[in-house]
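In: predicted structure and sequence below. I'll ask about it afterward.
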Amino acid sequence: ILNVEQSPQSLHVQEGDSTNFTCSFPSSNFYALHWYRWETAKSPEALFVMTLNGDEKKKGRISATLNTKEGYSYLYIKGSQPEDSATYLCAFWMEYGNKLVFGAGTILRVKS
Amino acid sequence: DAGVTQSPTHLIKTRGQQVTLRCSPKSGHDTVSWYQQALGQGPQFIFQYYEEEERQRGNFPDRFSGHQFPNYSSELNVNALLLGDSALYLCASSLGLGAGELFFGEGSRLTVL
């Protein structure tokens, strides 16, 4: 059974704080790692699709790194804003798996 | 450019009934995947349709079935509903069978009483 673990489960930060979350996945047969942001009452939206070990991607104040050898990815948010409040999901695509396996997500709440 | 649309948004059924959920993919997409999200869990993969065929299936019983139409839209059918089928059902579309970005709908919230 494929396991994708995300930590922490939830996080409350103050506006302006920087924060990071972790996604752990099997280190064998890696093909791709996705990050999605899911705001309440909306649909999940892709942040990053990462495929190469050592990959670093950035979108505004949000960035992500990938280590396929040890099976983890970090998502960083610099200077959190209330609009960053959402559930952040990571999902693992295994080689020959042909499907995305999601973690349970990290819930971020940013207080102004 | 319409994104992924799902219907209905909410519905209530009783145990033993059957339900059909519908999904229209993002314009230009030909692949539809269905996910079930129960409270406190991440989305669980149900199955994927491409070229009107089921290509991949997750660990769901045969009570869960689907269909894809020539216009790429898709249906998810669940028979003999159980209380445990209460969940948010998400449809996601993509291009082809690769590991590219998924585009999600807002989901159909099913409550089974």
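Out: That came in fine, so what should we check first? Just so we're clear, the structure is a prediction, and the values are computed from it rather than from any experiment. Residues are numbered from 1 along each chain as shown, chains lettered A, B, ... in the order given.
In: what helix or strand is the residue most central in space within chain B on?
Out: Centroid-nearest residue in chain B: B:Trp34, 3.2 Å away (criterion: CA atoms, centre = their mean). In this assignment (DSSP states H and E), B:Trp34 forms part of strand B:31-37.
In: quickly list what the nearest residue to B:Glu54 once chain neighbours are set aside is bridged to.
Out: Sequence neighbours aside, B:Phe47 is the residue nearest to B:Glu54 in space, at 5.4 Å (criterion: CB to CB, 6 or more residues apart in numbering or on different chains). Heads up, the C-betas are built off the backbone N, CA and C, glycines and all. Going by DSSP bridges, B:Phe47 is paired in beta bridges with B:Trp34, B:Arg57.
In: list the contacts of B:Phe47.
Out: Going by CB atoms under 8 Å, 6 or more residues apart in numbering or on different chains, B:Phe47 touches B:Ser33, B:Trp34, B:Glu54, B:Arg55, B:Gln56, B:Arg57, B:Gly58, B:Phe60, B:Phe64, B:Gly66.
In: where does the prediction get shaky in the chain?
Out: Chain wasn't specified; assuming chain A. Within chain A, the segments meeting pLDDT under 70 span A:1.
In: chain B is the one I meant
Out: Scanning chain B for pLDDT under 70 picks out B:1.
In: ranges for the helices of it?
Out: In chain B, no helices are defined using DSSP state H.
In: number of residues surrounding residue 60?
Out: Using chain A here. Using other CB atoms under 10 Å in any protein chain shown, A:Gly60 has 9 other residues around it.
In: right idea, wrong chain: chain B
Out: Neighbourhood size, B:Phe60 [other CB under 10 Å]: 16.
In: which residue, other than its chain neighbours, is closest to it?
Out: Of all residues not flanking B:Phe60 in the chain, B:Ile46 sits nearest, at 5.1 Å (CB to CB, 6+ apart).
In: how far away is that neighbour from B:Glu101?
Out: To B:Glu101, B:Ile46 is 19 Å away according to CB to CB, to the nearest Å.
In: if you count surrounding residues, which of those two has more?
Out: Taking neighbours as other CB under 10 Å, B:Ile46 and B:Glu101 compare with B:Ile46 leading, 23 against 16.
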